[in-house]
Every structure is written in structure tokens, then in C-alpha cells.
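1. Kindly generate the corresponding structure for this input.
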Amino acid sequence: MRLLLVGKTGLLGSACAEVLRSRHDLLTPGHQELDITAAARVEEVVAHLRPEAILNCAAFTQVDLCETEQEQAFAVNVAGPRHLALAAARHGAYLLHISTDYVFDGRKPPPAPYAEDDAPGPLSWYGRTKLAGELAVQEVGGAHAIVRTSWLYGRGGSSFLKKILKAALNPAIPELKVVDDQFGCPTWSRRLAEQLEALGVQTDGLVQDLHSCTTLKTRIIAANQQVVRVDREKREHPDGRVLKRLRERIADALPGVDAVVASDYDKGVIGQITQEAIALARQKGVVFTSNPKPRNLRWFRGADLITLNQVEAEAAGGVEIHDESAVEKAGSRILKRTGAGSVIITRGAHGMSVFQEGGAVEHIPVMPVEVFDVAGAGDTVVSTLTLALAAGADIVTAARLANFAGASVVRKLGVQTAVPSEIAHLIRQARENGF
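-> So this is what the prediction gives:
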């Protein structure tokens, strides 16, 4: 993998460089070459180097100093990650961003560890900037993962362990004195570097079209609600060489997967190649799910599952949906027209409706939660449906699970992931309330 490592001289960055250098095409520009606080420079370097993934280990980590140098801490810990996320999204790179347990307030009773879905509550400026950096990466919306770590130690850089060892070996210090009200999880930097490599997304199947660009979405938020979104994009059909490579990658990947999701953003790729992929998936016994745009519906004939929102279902079925009777009419038409195994229409506050050949229509009510942001909810639903079907669930069970997953993400601001523990909590809550 062509991997850009940012922050190569720090405690974690140096360990990552040591671990990753022999197995990847590792790019390690220094601070003079890549200052992440300078947006134009970040864009220039990423555009030139064209990495497949970016690992951001750079941070202003001196907790006490952050309190007196707040502007610099903000520039490195918030603006820097945002600049990297924007550049990664523009050029199709995956961003792996390192954060910290300082985003929490420390009030969770030990020894219970913090989980991904625990509510953050930073107490220091360092913690606040690191949390803001996480949110900046999430709000850009590109492919990314965020890893929170704690109490790093290793050969490079400063650490709590080194300070204790140095003091213990110093004959001038007769007695060691340390705080006794802090609990943490010491993390060996090399072990974390190895785990970060294991988290890396496989990019062998990616096909890059140098004549196209990744859509850049700018979201305007007011009072925790999206007011408007501005998309900067270029719609062009890929040329024959790109399609040929894409066909080859699909054929190579299918024998090793349990399911395929075709996500139609109507940017020019969907066409005959989609029908070929569906036929190949059927031949290999691989589940094929999709969320097509109505104008491209013909290319998804024979898919195992087609999901549409209500507006899309109205266009695809030629029916104005105002009640369950109209939903059933539209869904039945789409099912017959596409020959799909199942069709699901998501209806926002009215839940979702499930259609399958020869089966009764199933209307699933929405899980009642406070909605902050619906960005990414459709992708969460189709992803959960696909995972459940690949695991052997029937379509109605898969839809019910997807309903809970969708409810878990709309409660949060920005594009968020559905955490298993949170989904399980919602299921338990629904059972207790007779939902």
C-alpha cells in the first residue's frame, strides 16, 4: 500500500515508521515538507504523492502547554486533521486518525474501560481540541477511522514509564512520589503500530480514475441540524480502460466475499457492468444488495435486495405515496419490474416497508429516538441489511436490525458509525417498552 505517515518523529509515529516501512510504500515527509496546519500545503503534498491511505500521528500532545498555547494546539489538533481529511476525500485516500482518551472526563468507575459509544466530556484544552479534531474528520465525510489510545510508551519520545524509570534510577531521589487518583491503560507504541496496520483498509480492489475526482460535500449546520449542503463534483462516464480494470477487480474479489453492496451515487459508473456483477455474484452464491437511483433501476434487475427511500420509490413506482396502501402499490410495482429478491422502502418517520416475492408486505415502525442528523443513515441501513443477509438472516429480521442501526446514527451529529453495543442497547430498550 502507498501510505503517507504524518508525524514520523513522535513516539507513535516513529514506531509506525519502523513497523510499516518494510511492508508498504511508506511516504514520510517531515514538518518542513508537510505542515498540516497549512491547508494549501496539505492539498499540494497529497495531490502530488497520491497515497492510498494516510496515517495521522501528528498532534500537540503536551497537555499543560496546550492550556497556555491554545491557538497552536487548535491549529495542530483540529485544523490539521480537517485539512488531511479534506485532502484525503478529494484524492480518494483512506484516513486513519489517532486520538486520545483525554476526550473523556475520567468519571467512569475503574476498572471498566471506555468504549467507542461512551459520551465524551473533555476537561482540558488538549482533550477539547482532540475531540474537535475527531468531529472535523467525521464531518468531512471521507473514508476514515479514528483510534483513541492512552498512556503511550516506547523507545522514542517521552512517556510516563520513562519518567518513573529515570527517577527510580536516580540516587538523588530517595522516594518516588506519583499521583494516586489516576487510572490508565499503558500502551506499547510498537504494539499499537502493529494493530493500526491490521486496521488498515484493503485497497487492492480500488480503481483510480485520474480524469475524475471525489465529490466534496460542504454541510452548513445550525442548531445541530443541517440547513444546506453544497456538493462540488464532476459527472463523467469512465473510459473503457477504467471499466476494464473495474471488471477485473470485481471478478478477482467475488470469490473471497460473502456479499456485495452497489451504492449508486449516479456519477456515471452504473451501467452494463452492474448487470455483469449481479450475474457473477449469483453464479458465486454471493449476496448482492443495492440502493439505486430510480433512473438507473434497470441496471439492478435480479439483485437480491433493492433499497429506496420514499421519494425514490415514488419516482420508480410512478405512485404518489401518502399512506400504506400507496406504499404497497409502489413496492409491488418495483419488485415486479426489477425481479429483485426483496425491495425495501425507507419512509423516514414512518419506518420501512419490506416486499418479497410471494410474501406478505411487512411494515416496520421507526424506532422512536431524538433525531439530530440523518446524514449517512441510508448507508447505515443498507450496510446492516447486507451484513445480516450475509450472516444468514431472513429479510424481515435483517430489516428490523437495520432499523435499530439507523436509529443509532441519527441521534448523533455528522456521519457516524453504528456501534454494536449501542444497537444492542436500543434493542433491549425497545423490548422493555414493548416496541
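2. Centre of the chain to stretch 273-293, how far?
-> Chain-centre distance of stretch 273-293: 23 Å, with CA atoms, centre = their mean, to the nearest Å.
3. Offset the numbering so it begins at 4, please.
-> Let's use 4 as the start, then, which means that last one is stretch 276-296.
4. Dump that stretch to PDB, restricted to CA.
-> Output of stretch 276-296 as PDB, limited to C-alpha atoms (Å, rounded to 0.1, in the frame of the first residue of the first chain):
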ATOM      1  CA  ILE A 276     -21.100  -3.500 -15.600                       C
ATOM      2  CA  THR A 277     -23.700  -3.700 -12.800                       C
ATOM      3  CA  GLN A 278     -25.700  -6.400 -14.600                       C
ATOM      4  CA  GLU A 279     -22.500  -8.300 -15.200                       C
ATOM      5  CA  ALA A 280     -21.600  -8.100 -11.500                       C
ATOM      6  CA  ILE A 281     -25.100  -9.300 -10.400                       C
ATOM      7  CA  ALA A 282     -24.800 -12.300 -12.700                       C
ATOM      8  CA  LEU A 283     -21.400 -13.100 -11.500                       C
ATOM      9  CA  ALA A 284     -22.500 -12.800  -7.800                       C
ATOM     10  CA  ARG A 285     -25.400 -15.200  -8.400                       C
ATOM     11  CA  GLN A 286     -23.000 -17.600 -10.100                       C
ATOM     12  CA  LYS A 287     -20.700 -17.500  -7.000                       C
ATOM     13  CA  GLY A 288     -23.600 -17.600  -4.500                       C
ATOM     14  CA  VAL A 289     -22.700 -14.100  -3.200                       C
ATOM     15  CA  VAL A 290     -25.400 -11.800  -1.800                       C
ATOM     16  CA  PHE A 291     -25.900  -8.700  -3.900                       C
ATOM     17  CA  THR A 292     -27.600  -5.600  -2.400                       C
ATOM     18  CA  SER A 293     -28.100  -2.100  -3.700                       C
ATOM     19  CA  ASN A 294     -29.500   1.300  -3.200                       C
ATOM     20  CA  PRO A 295     -30.000   2.500  -6.800                       C
ATOM     21  CA  LYS A 296     -31.200   5.800  -8.200                       C
END
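5. Tell me how confident the model is about it, as a mean pLDDT.
-> Averaging pLDDT along stretch 276-296 gives 95.
6. Contacts for that stretch, please.
-> By CB atoms under 8 Å, 6 or more residues apart in numbering, the surrounding residues in contact with stretch 276-296 are 246, 249-250, 253-254, 257-258, 260-269, 273, 299, 302-311, 315, 381-382, 385, 388-389, 392-393. (Glycine included, C-beta is placed from N, CA and C.)
7. Then stretch 13-32?
-> By CB under 8 Å, 6+ apart, stretch 13-32 touches 4-11, 48, 52, 54, 58, 60-62, 64, 101, 152, 155-162, 192-193, 195-197, 199-200.
8. Same question for stretch 381-401.
-> 261-262, 264, 266, 290, 292-294, 307-308, 310, 312, 344-345, 347, 349, 355, 357, 359, 365, 367, 402, 404-406, 408-409, 411-412, 420-421.
9. Report the buried residues of it.
-> 381, 383-393, 398-399, 401 (16 or more other CB atoms under 10 Å).
10. swap in stretch 54-61?
-> By 16+ other CB under 10 Å, the buried positions in stretch 54-61 come out as 54, 55, 56, 57, 58, 59, 60, 61.
11. on that earlier part again, just the contacts of stretch 276-296: which are in strands?
-> 262, 263, 264, 265, 266, 308, 309, 310, 311 (DSSP state E).
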